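Q: Predicted coordinates and the sequence they were generated for:
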Amino acid sequence: MNLLDENIRHDQDERLRQWRVKFRRITESIARPGIQDPDIIPLLHRLKRPTLFTHDQDFFKPSLAHRAYCLVWLDLYDGDGAVFIRRFLRHPTFRTQAQRMGKVVRVHPDGVYYWQAGKAERVSVKWGE
């Protein structure tokens, strides 16, 4: 399940739908509007293998890595959110739900950086790989 945080611009929804990227907005179908960051992690544990996309840098911490979910910080211009969500989901390293689980990810125009649950080192991946 792909979840969009409330800080993802709503104008990105239509682009994702045109590309047939399935997603749900966290505050429209799963949680109350204005949900606080500390309440999001327990919510993710109750869902089935979610990938949360956010513009909130606070979610890019190795301590948040857990095998039950994936956190993706979109460190880029918010008007490019849909483009990079699609690009991330098509990347060979993150294409399947199973490949994404357990990762805390930073998506940036220059590449992707992530921590994996149970591993100490940060991994860097180029867009062309």
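A: Received it, and whenever you're ready, just let me know what you need.
Q: Angles on the backbone of Leu74, please.
A: phi -90, psi 90 (degrees, to the nearest 10).
Q: Please report how far it lies from Ala120.
A: 24 Å (CB to CB, to the nearest Å). For the C-beta atoms, the positions are set from N, CA and C on the backbone; glycine is no exception.
Q: One more: Phe94?
A: Counting by CB to CB, the gap from Phe94 to Ala120 is 20 Å.
Q: Please enumerate the strands of the protein.
A: 2-4, 24-25, 51-54, 70-74, 103-108, 111-116, 123-125 (DSSP state E).
Q: Can you convert the ones you listed into CSV and add a column each for mean pLDDT and distance to Val83?
A: Formatted as CSV, the strands of the chain follow (pLDDT from 0 to 100; distance: least, CB to CB, whole Å):
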stretch, mean pLDDT, distance to Val83
strand 2-4, 96, 14
strand 24-25, 94, 18
strand 51-54, 98, 12
strand 70-74, 98, 10
strand 103-108, 98, 10
strand 111-116, 97, 14
strand 123-125, 96, 17
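Q: Which residue ranges of the protein form helices?
A: 11-18, 37-46, 81-90, 97-100 (DSSP state H).
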